[in-house]
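Trainee: A structural model of the following input is requested.
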Amino acid sequence: MDPFTVGLVLVFLLLLYKFSTRNHEHWHLKGVASVGAAPFVGSLWPVLSLREHMSDFFTRLYNEHKGKRFIGYFQGNVPGLLVLDPELVKSVTISDFSHFVDHGFKIDPESNPVTSRSLLIMNGKKWKEMRNTLSPTFTSGRIKEMFPLVHECSVNLENFLRNHQRQNLNIKDLLARFTTDVIATCAFGLSVNSVKNPSDKFREMGRKMFEIDAVQGLKNVCLIFIPSVARILKLSYLKPELTLFYRSLVKNIIEKRTKTGNTRKDFMQLLIQLKEKGKLGTIEGEPEENNDSTASLKLTDDDIVAQAVIFFVGGFETSSSSLTFALMELARHPEVQQKARNNIKEVLHRHGGEMSYQALQEMTYLDNIVQEALRMYPPSGFLNRVCTKKYTIPQTNVTIEKGTFVYIPVRALQNDPNYFEDPQIFNPDRFNDGNLTKNKNLFLAFGDGPRQCIGMRFAKMQSKLGLFAFLCHFEVMQSPKTVYPPIMDPRQMFLSAKDSISIQLIEA
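Mentor: Numbering: from 1, shown residues only. Okay, the predicted model is just below:
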């Protein structure tokens, strides 16, 4: 190669380096402590290389910078801020929410025709309109109407457990099948029993959605942390065959119900009502403001597909993950199981031995177990926001510009001994009434503020009924096949153990 060509190459590489690091002095110039950054990848190489789960990455940074209110880092060349102080967390999620309205996803609608229309991904005015439209579908009254559908799935799970006692049960897979059945019946109106028939078509498509190899894992990391690159490369969350499957499925359901006039008390029916009538009917006993709610916008078929799919993602993976970790810990704490069984039996006795929505509400110790599992192992592990208008951090002269990514390390905060005593000990009693008055705002598994998870009530009902199926009649025991403490799979978006988690059951 002649000297001139070598010189051109060197100049090109130098310019490329300068371009990819042009903002890396951003936090230093503002007097903000920050972590190191490399060309192109910024501070995220451990995550982008799939060596470290993004939740573990933020937890490590949190522990390395204890005592600071916030630290800077870089997503590629874009500045990001990691919020470490509880009061500042509250400012971002609640009191100064108008500066942090969006999650910061930049999804190409052409590559992601369904995902881009989901509530999770939407930004600004579109998000607010969709949130206002969907909120009435998740009131306590409408969740109560779905209780029989979820209860039927829990009965199927209990029957399966009864026939598989004293066996090593891979609960990661089993609970994924249970939550698949719940979402199939509540979101899509399908009677699926994949607990018994794991090869069911709906279960197979759900498995494909979360089968993540190294390539898809890298795509997902780019979609979350370097959305501008993802948009240029037209990366997508859903594979084309999955988009086609869910579109076709929803279209057939809408056509069938419209043609026959048959209705069902499920999420799909509520979305169809909003699409056709622009409002929902009334429910006896619901507050007036939750009844006859008028939609803020006109739903399309793709809007319905998008919300049904995000309902599937949120209700399937997050609940199955938290239930898996809950049972893993319960197997190690028989005294907690006994407290739960005592509470279950006492409530059932008051209700004549019959399980009902009201009875489930009174099983408060199951609530404690769900919350403790979510505290130790929050499914997302962090909250992400983007600054939507210039913001001055309270009690400082530091300003952050529009477009700056802001992350809250939920898992780190919820496992900090400064806020939760002996955080590595599974102790549902910490959620007894009155025990959490000081740090209740630090339980962030469902988020907080206006962008708090819209399906929180449903998720809790599903999780409690899943635990009920295990704890009412069975004692959960440890299996030698389980790796403890669990190592998190860096390919997965949600918190998920890299190795199998198994238990054994005997009659209680």
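Trainee: Please, where are all the strands along the stretch 51-200 of the chain?
Mentor: Counting by DSSP state E, counting those that start in this stretch, one finds strands in the stretch 51-200 of the chain at the ranges 70-75, 78-83, 169-170.
Trainee: Please read the previous query as pertaining to the stretch 351-500 of the chain.
Mentor: In the stretch 351-500 of the chain, the strands defined using DSSP E, counting those that start in this stretch lie at 383-386, 391-392, 399-400, 405-408, 474-478.
Trainee: Mind listing the strands the third one pairs with, and their directions?
Mentor: The one in question is strand 399-400. With DSSP bridges as the test, strand 399-400 is paired with strand 391-392 (antiparallel).
Trainee: gap between the strand it pairs with and the chain center?
Mentor: 28 Å (C-alpha atoms, centre = their mean, to the nearest Å).
Trainee: So which of the strands of the stretch 51-200 of the chain is nearest Ser322?
Mentor: strand 169-170 (16.7 Å; C-beta to C-beta). (Glycine included, C-beta is placed from N, CA and C.)
Trainee: so what does the closest one touch, helix or strand wise?
Mentor: Using 3 or more C-beta pairs under 8 Å, 6 or more residues apart in numbering; DSSP states H and E as the contact definition, the elements that strand 169-170 packs against are strand 502-507.
Trainee: State the mean pLDDT of the strand it packs on.
Mentor: Regarding strand 502-507, the rounded mean pLDDT is 96.
Trainee: tell me what that strand is packed against?
Mentor: strand 169-170, helix 319-331, strand 474-478.
Trainee: Just put the strands of the stretch 51-200 of the chain in CSV and tack on mean pLDDT.
Mentor: Written out in CSV, the entries for these read as follows (pLDDT from 0 to 100):
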stretch, mean pLDDT
strand 70-75, 95
strand 78-83, 95
strand 169-170, 94
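Trainee: Tell me which of those is the most buried.
Mentor: Counting by mean count of other C-beta atoms under 10 Å, strand 78-83 has the highest mean neighbour count of the strands of the stretch 51-200 of the chain, with a mean of 23.
Trainee: Next, the angle strand 70-75 makes with that one.
Mentor: Strand 78-83 and strand 70-75 meet at an angle of 150 degrees, taking axes from the mean of the first three to the mean of the last three C-alpha atoms, to 10 degrees as the criterion.
Trainee: Neighbouring strands - and their directions - for strand 78-83?
Mentor: Looking at strand 78-83 with DSSP bridges, its partner strands are strand 70-75 (antiparallel), strand 405-408 (parallel).
Trainee: Show me what the longest helix anywhere in the chain is packed up against.
Mentor: The single longest helix within the chain, with elements called by DSSP state H, is helix 140-162. Using 3+ C-beta pairs under 8 Å, 6+ apart as the contact criterion, the neighbours of helix 140-162 among helices and strands are helix 171-187, helix 357-362, helix 456-471.
Trainee: what's the most buried one of the helices and strands packed on strand 502-507?
Mentor: Each of the helices and strands packed on strand 502-507 was assessed for mean neighbour count using mean count of other C-beta under 10 Å. The highest is helix 319-331, with a mean of 26.
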